[in-house]
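Participant: Provided below are the primary sequence and the corresponding predicted coordinates.
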Amino acid sequence: MYRYDQFDAQIVRERVAQFRGQVARRLSGELLEDEFKPLRLQNGVYLQLHAYMLRIAIPYGQLSPRQLRRLAEIARDYDKGYGHFTTRQNIQFNWVALKDIPDVLDKLAEVEMHAIQTSGNCIRNTTTDHYAGAAQDEVLDPRAWCEIIRQWSTFHPEFAFLPRKFKIAVTAAEHDRAAIRVHDVGLHIRQQDGVTGFEVWVGGGQGRTPHIAALVNPFVPEARILDYLEAIMRVYNRYGRRDNKYKARIKILVSELGEAEYIRQVEEEFAAQRADEKIDLPAEEIARIHAYFAPPPLPAKPAGSKLLDAAKAADPAFARWTRTNLHPHKAQGYASVTVSLKPLGVAPGDATGAQMDVVADLADTYGFGDIRVSHAQNLILPHIALDDLPAVYGALDAAGLGAANESRITDMIVCPGLDFCNLANARSIPVALEVQKVFADPAYEEDIGKLHINVSGCINACGHHHVGHIGILGVDKKGEEFYQILLGGRADEHAALGEIVGPGLKAEDVPGAIHRVVEFYRAQRTSPAEKFIDTLERLGHQPFQDALYAAG
Amino acid sequence: MPLVKAGAEIANTWTFVADGAVLPESGQTSVSLARFLALKQGQENGPLPDGVRLGPADDPAELEPYLPELSLIEVDFPRYVDGRGYSQAQLLRRRYGYAGELRAVGHVLRDQIFYMHRSGFDAYETRRAGLSEVLEALAEFTEAYQPAANGPGAAFRKRTGA
């Protein structure tokens, strides 16, 4: 993984000192809350319902064991013993005192971490495929480019006060696991005639006006991608709407201008750049950063594992977990493991300090010191030998991390909702936990197959309800919580927005309604291999909608 | 409102003359971009100021032909969170080669100044930040990742000696 050199270390140290000063000026009253707000936001500090919340950057979702142990320590010493992993592959702590935040940032800086630009109207953490570097279907490891983008976007002097927040995602695989078409900018790394370049998508997003991104350029060579991003950002910074925060995202600029005119403006700005405005990242610098992401030294292994086979035969729960929570690795004899943070009855994405320590130890012992956070709010051990899977599972299961539900119906993306968030209209976590209960039998859940349920507590869509195969959106009707159900969303390379199927349901009616939809799917699928989303697309939404509202 | 330039707090010798107000025959004055262009292109008669104040929606490209004649460009930040002025500054400095004074005016606070400096500003009329605070803000970061108009050079160039 990337390691700080003197420049990175210096910038992060100076940032901590700067923020310490800003907090002191705020606490002394010299800085007004309105003036402090954009400053604290750009350092990940939100004022939530009950307390300040600190969101810590995990660039492109990668952690070392040492970093994860440090997060565990912060959870214990400054929070209530746990942290919450987010859909931006970051972590947030909900109970940190403002006065302690500079000390927390110091502790993070010691392990090459920070909270820079995890909030506010600036370029946020660049996200990517959580199997990057391990996936069979990637053309190259996208993390190096995420790191280059991280550096370019950190304290970019021109783009610190954008009309609204700005999110970039990168994939290098045909199967898009980074949801690039629902990002402000989505980059798909491709190779063309021996040159690496980027397919550039702009203007996707969720929130109250969801959009699928427009293809703005099919191939920008890697040598020019930062210049192209500068052109995209400058057009947005100058012409994005600032009169209404709900119309300020780049998706609105693209849709109001129209794709053709928007592309013309970006291309015009890109063409106008003078030679000395270009960011000529030297090839040796690109190579230097790629070198940090060299594959781990994986000893050669046979394709199968007798140990694994024996353990599967002995333990059906383990066998099920190997069917659901493993992803094929590019090296034979290895797999990428999903550590589910969605056991029954726990707020999705939460992990205790003790659990973080367990995962850090496993990464050290079996996983070449590599840990990822997925945008689905799970942890990943990307490089585990098949022989080691029984031991890894045993340790995870003992720590309450053995749920066999990756991409299954109980592996929901859920925002914090009204229990924590002052934007929310409705609670998200309790309704998600009630739905989970319906599918608590692991055999039943496995039979249902891959099915994404995403839950948001308001139209800001932090729970990505627009792109869940089934989306659940909490709304407030005259002081009562209702839940609208959406069908047909997806965040992959066939990205689509779900459609609201009808009137909202009371919280207690949601689990039954979801159950009827799932049972209808099971009755209608051509075989267990036909996924929910495929049956839905084959039959259309109407019969599913009828099933949803079938019982009184 | 303190005015800081080149490491010193200085007296403001410039006057911004609002649209419609009478232009003085002498003295250092700045006017809006629209009024400057009207004077330049003969739609309005009067003494030609050598200062222009840009609003956030103004396009600095319209000033490009006249930049050698200007001694002051003020970029107005009506609201602290409106970042359009940073793009205007980068364009003026890096694309159009403006070399005169580039002054940030309006809702200018201490914590914007490092970004402003790197975007090409060299003078700051702040709400309340005095000399020591401006100098402190300018010194907060000794390194930076990306090329810009001013301030520390990009880390990647230092790393590679390029």
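Facilitator: Nice, I can see it. Residues are numbered from 1 along each chain as shown, chains lettered A, B, ... in the order given.
Participant: and chain B, which residues reach chain A?
Facilitator: B:80-84, B:86-87, B:90, B:94-95, B:109, B:111-112, B:114-119, B:140-148, B:151, B:154-160, B:162 (Cβ under 8 Å from any Cβ of the partner chain). In this view, the C-beta of every residue, glycine as well, is placed from N, C-alpha and C.
Participant: again, 7 Å this time
Facilitator: B:80-84, B:86-87, B:90, B:94-95, B:109, B:111, B:115, B:118-119, B:140-148, B:155-156, B:158-160, B:162 (Cβ under 7 Å from any Cβ of the partner chain).
Participant: Show me those that map onto helices.
Facilitator: B:84, B:86, B:87, B:90, B:115, B:118, B:119, B:155, B:156, B:158, B:159, B:160 (DSSP state H).
Participant: can you name the two of those residues that are farthest apart?
Facilitator: Spatial extent of these (Cβ to Cβ) is set by the pair B:84 and B:160 at 33.0 Å.
Participant: So is the helix or strand of chain A with the lowest mean pLDDT next to chain B?
Facilitator: The weakest-scoring helix or strand in chain A, judged by mean pLDDT, DSSP states H and E, is strand A:45-47 (a mean of 86). No - shown here: strand A:45-47 not in contact with chain B (Cβ under 7 Å from any Cβ), separated by at least 14.1 Å.
Participant: Centre of the chain to that strand, how far?
Facilitator: Relative to its parent chain, strand A:45-47 has a centroid offset of 20 Å by Cα atoms, centre = their mean, to the nearest Å.
Participant: What lies in contact with the following helix or strand past it?
Facilitator: Using DSSP states H and E, the helix or strand that follows strand A:45-47 towards the C-terminus is strand A:52-56. Here strand A:52-56 makes contact (Cβ atoms under 7 Å, 6 or more residues apart in numbering or on different chains) with A:44-46, A:90-94, A:96, A:98, A:101, A:104, A:108, A:113, A:115, A:118-119.
Participant: Buried subset of those, written for ChimeraX?
Facilitator: Applied in ChimeraX, the following selects the buried portion of the contacts of strand A:52-56 according to 16 or more other Cβ atoms under 10 Å in any protein chain shown:
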select /A:44,45,46,90,91,92,93,94,96,98,101,104,108,113,115,118,119
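Participant: What residues does chain A have near chain B?
Facilitator: A:7, A:10-11, A:14, A:18, A:22, A:35, A:38-39, A:121, A:151-152, A:154-158, A:160-162, A:234, A:237-238, A:242, A:272, A:274, A:277, A:279, A:281-282, A:284-285.
Participant: Just the buried subset of those residues, written out for PyMOL, thanks.
Facilitator: To isolate the buried subset of these in PyMOL, counting by 16+ other Cβ under 10 Å, use the following:
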select buried, chain A and resi 7+10+11+14+18+22+35+38+39+121+151+152+154+155+156+157+158+160+161+162+234+237+238+242+279+281+285
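Participant: Mark which of the residues of chain A next to chain B are part of helices, please.
Facilitator: A:7, A:10-11, A:14, A:18, A:22, A:35, A:38-39, A:151-152, A:234, A:237-238, A:272, A:284-285.
Participant: elements contacting the least confident helix or strand of chain A?
Facilitator: Packing partners of strand A:45-47 (3 or more Cβ pairs under 7 Å, 6 or more residues apart in numbering or on different chains; DSSP states H and E): strand A:52-56.
Participant: Could you point out the helix or strand that follows the strand it packs on?
Facilitator: Counting by DSSP H and E, what follows strand A:52-56 is strand A:62-63.
Participant: The following helix or strand past that following strand to strand A:52-56, inter-axis angle?
Facilitator: Using DSSP H and E, the helix or strand that follows strand A:62-63 in sequence is helix A:65-78. Interaxial angle of helix A:65-78 relative to strand A:52-56 (axes from the mean of the first three to the mean of the last three Cα atoms, to 10 degrees): 170 degrees.
Participant: coming back round to it: strand partners (parallel or antiparallel) of the least confident helix or strand of chain A?
Facilitator: If you go by DSSP bridges, strand A:45-47 pairs up with strand A:52-56 (antiparallel).
Participant: Dump the strand it pairs with to CSV, restricted to CA.
Facilitator: C-alpha atoms of strand A:52-56 as CSV (Å, rounded to 0.1, in the frame of the first residue of the first chain):
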residue,chain,number,x,y,z
TYR,A,52,-20.0,16.0,16.8
MET,A,53,-19.2,13.3,14.4
LEU,A,54,-15.7,12.7,13.1
ARG,A,55,-15.3,11.1,9.7
ILE,A,56,-11.9,9.7,9.0
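Participant: and it, average pLDDT?
Facilitator: On average, the pLDDT along strand A:52-56 is 92.
Participant: Off-centre distance for it?
Facilitator: On Cα atoms, centre = their mean, the centre of strand A:52-56 falls 16 Å from the chain's centre.
Participant: State the distance from whichever residue of the stretch 151-300 of chain A sits closest to chain B to residue B:107.
Facilitator: Nearest residue of the stretch 151-300 of chain A to chain B (Cβ to the nearest Cβ) works out as residue A:161 at 2.8 Å. Noted for residue A:161: a distance of 11 Å to residue B:107, by Cβ to Cβ, to the nearest Å.
Participant: Common neighbours of those two, please.
Facilitator: Counting by Cβ under 7 Å, 6+ apart, nothing touches both residue A:161 and residue B:107.
Participant: nearest spatial neighbour of the closest residue to chain A within chain B, skipping sequence neighbours?
Facilitator: Residue of chain B nearest chain A, by Cβ to the nearest Cβ: residue B:83 (2.8 Å). Nearest non-adjacent residue to residue B:83, counting by Cβ to Cβ, 6 or more residues apart in numbering or on different chains: residue A:161, 2.8 Å away.
Participant: Could you pull out the strands in chain B for me?
Facilitator: All strands of chain B, identified by DSSP state E, fall at B:3-5, B:8-9, B:14-16, B:28-32, B:51-54, B:72-77, B:101-106, B:123-125.
Participant: list the buried ones in the third one?
Facilitator: Going back to what we said before, that points to strand B:14-16. For strand B:14-16, using 16+ other Cβ under 10 Å, the buried residues are B:14, B:16.
Participant: hmm, who's touching it?
Facilitator: B:27, B:28, B:29, B:30, B:51, B:53, B:72, B:74.
Participant: Next one: residue B:131 from residue A:539, what distance?
Facilitator: 71 Å.
Participant: And residue A:485, its phi and psi?
Facilitator: phi -110, psi 130 (degrees, to the nearest 10).
Participant: Which residue, neighbours along the chain excluded, lies closest to residue 154?
Facilitator: Picked chain A for this. residue B:145 (5.4 Å).
Participant: Let me rephrase: I mean chain B.
Facilitator: residue B:147 (4.6 Å).
Participant: Show me the shaky parts of the chain.
Facilitator: Using chain A here. Within chain A, the stretches with pLDDT under 70 are A:552.
Participant: actually it's chain B I care about, not the one you picked
Facilitator: B:162.
Participant: ok, now with 90
Facilitator: B:1, B:160-162 (pLDDT under 90).
Participant: measure stretch A:433-445 end to end?
Facilitator: 15 Å (Cα to Cα, to the nearest Å).
Participant: which of the residues in that stretch are buried?
Facilitator: In stretch A:433-445, counting by 16+ other Cβ under 10 Å, buried: A:433, A:435, A:436, A:438, A:439, A:442, A:445.
Participant: And stretch B:96-116, by the same measure?
Facilitator: B:98, B:100-116.
Participant: Kindly report the same for stretch A:217-237.
Facilitator: Buried-residue list, stretch A:217-237, by 16+ other Cβ under 10 Å: A:217, A:220, A:222-237.
Participant: If anything else comes up later, I'll come back, but that's it for now.
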